[in-house]
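S.K.: Sequence and computational prediction follow.
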Amino acid sequence: MSEKRLEIRTYRRLDELQAIRTSWEDLLANYPLATTFSTPEWLFPWWQSFGKNQELLVAGFFADSRLIGLAPLSLAPFRAAKIIPLRRLRLMGDGSKDSDNLDLPVRPGFEGRFASSLLDFLERESNCWDVCELNTLPPQSPGAHALRQVLGQNKWLAIEKHSPSSVIALPATWEEYLRGLSAKERGKIGLRARRLQKKYATRIRKCTEEVEMESLLRALYELHGKHWLLRGLPGTLHLPARRQFYGEMARLLLARHRLEFWVLELNGNVVAAQFGLRHGSTVFSLQEGFDPDCAADSVGYVLRSQVLKQLIADGVRRYDFLGGSDDSKMRWGAQAAHYLNLSFARPFSAGAAYLQLQRYAGQNKAWLRRNLPATAWDLLHKTNIAIRGIARNVSGEEKVPDQE
């Protein structure tokens, strides 16, 4: 195959992207790693809700008039060290703590040409950006892998970091799934479901009609908020922009049968909700909530177990918890994984200087860990985790922990 560069077309407005929607969907249909987070159904509503202080800079890559790769990027200003104005290039969907698995979809066989052409595009647009940060990439992303190689060949400064994620590989049957859990967990699943059914008129159902969407979303918001209020925090779903995003995104996904929005009712009242996204044979667990007044009945736990049972019967083979790998996910049979966060800048640029400073800061952290007494490092580490946890909750990253 010829290694000539691809034709590059730039899109700076949402209506321009709408014009290539059919080609975009065809690209994703031929991309093995496609997820909800790279679809127009996710990114268009996200941009309408969160893109007000950013600029679109999307690059489409064509061969013989066929879209073979997409770099859905956006621009936003920021200040390094709170004083130096820089421009950051990110993947469309990044910045609000709502999106994971953001990616650079490319047709198989075109990865090398795509990466070389993308670097050409970034060089051509070099006057409008300083540093590029591509976060929550799937580590096996072919486009990202090819881009890393091209960055190295051209001596661009690049820094790679990992962030945790977790996913359950689901078998073909519920019985096989249960055999993969601990004996304690298997017992809890059956016991808690039976106990709930004896005490209440129990109903688990999936949102299938747009007419019920608004009331079920309100229930999710209320249940999510109740949990976080008990911890003295506002939660993540109280923000008007996020509610606007969820409402429009859910409507679009429901129309394409790609929404997994489940609720548990006791005596006719919604007491637990789980909001997920389906793409192919994968379901992504995005948000959830349960009534703290029903915590003793383990309503969130029962809902997840019954949803997993139904998803397995429906042919789902991956249940993705997205970010994080805490014990509440591992007990369901999840395996720890990670995302790739790739930051880079042109050589001898302000962005490269910024990344070098970040690299030195990371090295200093490693030095502190090696040289501080264990008790001092442990205290520093726990304090940092607590501060970051509060910040994530305020910005919208935290999810409701699973019930014991």
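M.R.: Now that the structure is in, tell me what you want to look at. Quick caveat: nothing in here was measured; it's all calculated off a predicted structure.

S.K.: which strand is the longest one in the protein?
M.R.: In the chain, ranked by residue count with DSSP state E as the criterion, the top strand is strand 66-80.

S.K.: pLDDT averaged over that one - what is it?
M.R.: Averaging pLDDT along strand 66-80 yields 95.

S.K.: next SSE after it?
M.R.: Next helix or strand after strand 66-80 toward the C-terminus (DSSP states H and E): strand 84-91.

S.K.: who does that next one pair up with?
M.R.: In the sheet, strand 84-91 lines up against strand 66-80 (antiparallel), strand 131-137 (parallel) (DSSP bridges).

S.K.: neighbouring contacts of it?
M.R.: The contact list for strand 84-91 (Cβ atoms under 8 Å, 6 or more residues apart in numbering) reads 57, 72-80, 99, 102-104, 122, 128-135, 350-351, 354. Heads up, the C-betas are built off the backbone N, CA and C, glycines and all.

S.K.: Are any of those buried, and if so which?
M.R.: Neighbour counting by 16 or more other Cβ atoms under 10 Å classes 57, 72-75, 80, 99, 102-104, 122, 129-135, 350-351, 354 among the contacts of strand 84-91 as buried.

S.K.: so which strand or helix has Val167?
M.R.: strand 157-169.

S.K.: That should have said Arg192, apologies.
M.R.: Using DSSP H and E, the element containing Arg192 is helix 183-199.

S.K.: Show me what counts as buried in that helix.
M.R.: Neighbour-count burial for helix 183-199 flags Lys188, Ile189, Arg192, Ala193, Leu196 (criterion: 16+ other Cβ under 10 Å).

S.K.: Can you identify the element that follows that helix toward the C-terminus?
M.R.: As assigned by DSSP H and E, the chain's next helix or strand after helix 183-199 is strand 202-206.

S.K.: Run the angle between that following strand and helix 183-199 for me.
M.R.: If you take axes from the mean of the first three to the mean of the last three Cα atoms, to 10 degrees, strand 202-206 sits at 110 degrees to helix 183-199.

S.K.: Neighbouring strands - and their directions - for strand 202-206?
M.R.: strand 259-266 (antiparallel).

S.K.: any chance you could map the helices in the chain?
M.R.: 14-18, 21-29, 40-50, 111-124, 142-153, 174-179, 183-199, 213-230, 240-255, 299-313, 327-330, 350-371, 374-395 (DSSP state H).

S.K.: name the helices or strands packed onto the first one?
M.R.: Spelled out, that is helix 14-18. helix 40-50, strand 55-63 (3 or more Cβ pairs under 8 Å, 6 or more residues apart in numbering; DSSP states H and E).

S.K.: Can you tell me the closest non-neighbouring residue to Arg192?
M.R.: In space, not counting the residues next to it along the chain, Arg192 is nearest to Ser298; the distance is 4.8 Å by Cβ to Cβ, 6 or more residues apart in numbering.

S.K.: show me what contacts the nearest residue to Pro32 once chain neighbours are set aside?
M.R.: Nearest residue to Pro32 in three dimensions, chain neighbours excluded: Pro108, at 7.2 Å (Cβ to Cβ, 6+ apart). By Cβ under 8 Å, 6+ apart, Pro108 lies in contact with Asn30, Tyr31, Pro32, Pro142.
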